[in-house]
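J.: Based on what follows, work out the 3D shape:
(2 chains)
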2 protein chains.
Amino acid sequence: MFLQLSMFLAPHAQADPAPPAKPTSAEVLAQATEADWEQIPAEDLLVMRVADREVVMELSPAFAPKNVQNLLTLVDQRYFDGLAVVRSHDNYVVQWADPAEAPQGSRSLGAAKETVKGEFDRPARKHAMTPLAATDAYADQVGVVDGMPVASDGRRIWLTHCYGMVGVARGNEPDSGNGSSLYVVTGHAPRHLDRNITLVGRVIDGIEVLSAMPRGTGPLGFYESPDQYHLIESVRRVSELPQADRPRWYRLRTDTPTFHALVESKRSRQEDWFLHDAGRIGLCNVPLPRSETPGG
Amino acid sequence: MFLQLSMFLAPHAQADPAPPAKPTSAEVLAQATEADWEQIPAEDLLVMRVADREVVMELSPAFAPKNVQNLLTLVDQRYFDGLAVVRSHDNYVVQWADPAEAPQGSRSLGAAKETVKGEFDRPARKHAMTPLAATDAYADQVGVVDGMPVASDGRRIWLTHCYGMVGVARGNEPDSGNGSSLYVVTGHAPRHLDRNITLVGRVIDGIEVLSAMPRGTGPLGFYESPDQYHLIESVRRVSELPQADRPRWYRLRTDTPTFHALVESKRSRQEDWFLHDAGRIGLCNVPLPRSETPGG
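T.: Below is the predicted model of the structure:
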């Protein structure tokens, strides 16, 4: 009975000394070289200190240039310092904002814009998608661009609402978001939000700080009283931190044979535990590794 | 700016007094009659008291008769009382078990069986599936049976690992699970587990008690020390509770025009907030309402 507990989804090493025909995910990653990884530009990284812990976000200015720019303007003004996580909606999103947000009393946006054009999708020809051989409930084509999950109809391409993706809250008007309130997906991918709201990136470290926050008991998972808020101590660009304190982050390149092998290892799992070979994979089940060391 | 915060995904009532061509989800549910709901048999309901709160599970003996029977034998012996949640794996599962589980020291299974045949899938002809018009990454056909999400290849049918589904942990052997350790999906649907492990039902109330538990820092999200465990005070069949204390639960029938309308309202969302009509829906994004009052 010890095994039952400890072996649940714990793959065993193959007893057979011959190498398996297809490698496991662990084997693919162990065999990856430094060239399979690329450093994420410090300019694209934010560190948020919240609830005495750190969350690292990777931005995607290529997909949302205007919204990322406005967000960075807010960061540079220390707009987020002292704000709070105000919402934790089970199986959906965690959201942060100015809790005093109201016609009167809200924090000034300073040099940032009040309204920013929604960047819901982009011309497909402008992005080199690594296609994923997968059917998808919400799009004709799915794939990856620079380590971010995407979908396309051939003409347009867009970031998708997979777990950990970060977006810009908005009201009913398409330009009513400005980055002063962001959300992160913490449940099953709400793909119906795709093309309806601007995604600006992805949490690459510390998602569990946000995803395990107690669920709000108000409508839509908002917290009902200020003592339930989680304080955001600071949000900083990594590029502005002193060199010695600056974390380096690497992403597994997604335009390589190694990434292809990783996808295949998840499509047809080789670990002994698996009895039925799915032979298929979903977009939001594809691993998109990030690491603080090149080589994972 | 107040709107930006409060209106994120908060649909507005239509200003137009004419009824919309297609109803919203809220309208579909408001218009449902008592006949659209059916009471869940008390025999199929378990109440787990954990971390001083309650979680309600709906079992599916039709899909896993042997495993449900063994689980109920354990419940009747009070096997779970005093056990613990021992694992919280971010974007994956929460699992409970006997923390002392080991060749020596584990709690006796009593009259329950040590090994139970895995019930990973069933003959399709034995279950009346309400098909869902949706493409799916993992299966040729998807749908719903008695309010549970399912997939099929035409010949076999199986419960699917959507958010909140409850399964029987096992080791590498197909019959190595017995219900003494269960897990619940608390992240993006790990559909690669379908047909690999026995699902026995679904959490229908209190999922947030489990899903917001701090993530374990050990391998696979296991807690590393006993002070991190969450005590399971008791697990009871609802049918054994005194009549006065017995909760009644209803599920929206899934073989009705009302359920069809609900699915369509999610496929093409009518709320003002939505600017792009997805026109599509994924299996694990379909709402499967449960309520303590008939009529929702």
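J.: What strand or helix carries residue A:202?
T.: Take DSSP states H and E as the rule and residue A:202 turns out to sit in strand A:199-205.
J.: name the helices or strands packed onto that strand?
T.: With contacts taken as 3 or more Cβ pairs under 8 Å, 6 or more residues apart in numbering or on different chains; DSSP states H and E, strand A:199-205 sits against strand A:53-59, helix A:65-76, strand A:165-168. Placement of C-beta: from N, CA and C, glycine included.
J.: hey, which of the ones you listed is tucked in deepest?
T.: Mean neighbours per residue, mean count of other Cβ atoms under 10 Å in any protein chain shown, is largest over the helices and strands packed on strand A:199-205 for strand A:165-168, with a mean of 25.
J.: Check the gap between whichever residue of the stretch 1-150 of chain A sits closest to chain B and residue B:83 for me.
T.: When distances are taken as Cβ to the nearest Cβ, the stretch 1-150 of chain A reaches nearest to chain B at residue A:137, 3.5 Å away. In this view, residue A:137 and residue B:83 are 37 Å apart by Cβ to Cβ, to the nearest Å.
J.: With residue A:163 instead?
T.: Counting by Cβ to Cβ - residue A:163 and residue B:83 are separated by 29 Å.
J.: Next: residue A:67.
T.: On the measure of Cβ to Cβ, residue A:67 and residue B:83 end up 47 Å apart.
J.: show me where the stretch 51-200 of chain A has strands.
T.: Secondary structure of the stretch 51-200 of chain A (DSSP state E, counting those that start in this stretch): strands at A:53-59, A:84-88, A:93-97, A:122-123, A:130-131, A:141-145, A:148-152, A:156-159, A:165-168, A:182-185, A:199-205.
J.: Is it possible to get JSON lines of those strands that adds mean pLDDT?
T.: As requested, these are arranged in JSON lines below (pLDDT from 0 to 100):
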{"stretch": "strand A:53-59", "mean pLDDT": "98"}
{"stretch": "strand A:84-88", "mean pLDDT": "97"}
{"stretch": "strand A:93-97", "mean pLDDT": "97"}
{"stretch": "strand A:122-123", "mean pLDDT": "98"}
{"stretch": "strand A:130-131", "mean pLDDT": "98"}
{"stretch": "strand A:141-145", "mean pLDDT": "98"}
{"stretch": "strand A:148-152", "mean pLDDT": "98"}
{"stretch": "strand A:156-159", "mean pLDDT": "98"}
{"stretch": "strand A:165-168", "mean pLDDT": "98"}
{"stretch": "strand A:182-185", "mean pLDDT": "98"}
{"stretch": "strand A:199-205", "mean pLDDT": "98"}
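J.: Would you mind saying which of these lies nearest residue B:188?
T.: strand A:182-185 (8.6 Å; Cβ to Cβ).
J.: Just checking: what are the partner strands of that closest one?
T.: Strand A:182-185 has the following strand partners under DSSP bridges: strand A:93-97 (antiparallel), strand A:165-168 (antiparallel).
J.: Mind putting those into a markdown table with distance to residue B:237?
T.: A markdown table is the format used below for the strands paired with strand A:182-185 (distance: least, Cβ to Cβ, whole Å):
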| stretch | distance to residue B:237 |
| --- | --- |
| strand A:93-97 | 35 |
| strand A:165-168 | 40 |
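J.: Downstream of the strand holding residue A:202, the next helix or strand is which one?
T.: Counting by DSSP H and E, what follows strand A:199-205 is helix A:207-211.
J.: list the helices and strands that following helix packs on?
T.: Using 3+ Cβ pairs under 8 Å, 6+ apart as the contact criterion, the elements in contact with helix A:207-211 are strand A:53-59, strand A:182-185.
J.: Closest approach to chain B from the stretch 151-296 of chain A, which residue is it?
T.: Closest point on the stretch 151-296 of chain A to chain B, by Cβ to the nearest Cβ, is residue A:282, at 3.5 Å.
J.: Would you map the helices across the stretch 1-150 of chain A?
T.: For the stretch 1-150 of chain A, the helices defined by DSSP state H, counting those that start in this stretch occupy A:2-7, A:25-31, A:65-76.
J.: Quick one: these as JSON lines, columns for distance to chain B too.
T.: Compiled in JSON lines, the helices of the stretch 1-150 of chain A are given as follows (distance: least, Cβ to the nearest Cβ, whole Å):
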{"stretch": "helix A:2-7", "distance to chain B": "4"}
{"stretch": "helix A:25-31", "distance to chain B": "11"}
{"stretch": "helix A:65-76", "distance to chain B": "13"}
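J.: count of neighbours near the nearest residue to residue A:144 once chain neighbours are set aside?
T.: Distance criterion Cβ to Cβ, 6 or more residues apart in numbering or on different chains; nearest residue to residue A:144, sequence neighbours excluded, is residue A:254 at 4.2 Å. Neighbourhood size, residue A:254 [other Cβ atoms under 10 Å in any protein chain shown]: 25.
J.: dump the residue contacts of residue A:254.
T.: Counting by Cβ atoms under 8 Å, 6 or more residues apart in numbering or on different chains, residue A:254 touches A:130, A:144-147, A:288.
J.: Equivalent analysis for residue A:269, please.
T.: A:24-25, A:277-278, B:192.
J.: And residue A:145, by the same measure?
T.: Residue A:145 touches A:62-63, A:127-130, A:157, A:254, counting by Cβ under 8 Å, 6+ apart.
J.: 6 Å - rerun?
T.: Taking Cβ atoms under 6 Å, 6 or more residues apart in numbering or on different chains as the contact definition, residue A:145 lies against A:127, A:129.
J.: Tell me how many other residues crowd residue A:293.
T.: Neighbours around residue A:293, by other Cβ under 10 Å: 10.
J.: which residue packs closest to it, ignoring adjacent ones?
T.: Spatial nearest neighbour of residue A:293, excluding adjacent residues (Cβ to Cβ, 6+ apart): residue A:250 at 7.0 Å.
J.: okay but the one you found is in contact with residue A:34, surely?
T.: No: between residue A:250 and residue A:34 there is no contact under Cβ atoms under 6 Å: 8.8 Å.
J.: what is in contact with the two at once?
T.: Joint contacts of residue A:250 and residue A:34 (Cβ under 6 Å, 6+ apart) are residue A:294.
J.: These two - which one has more neighbours?
T.: A direct count of neighbours by other Cβ under 10 Å for residue A:250 and residue A:34 places residue A:250 higher, at 20 against 11.
J.: Could you tell me which residues make contact with that one?
T.: Per Cβ under 6 Å, 6+ apart, neighbours of residue A:250: A:37, A:39, A:291, A:294.
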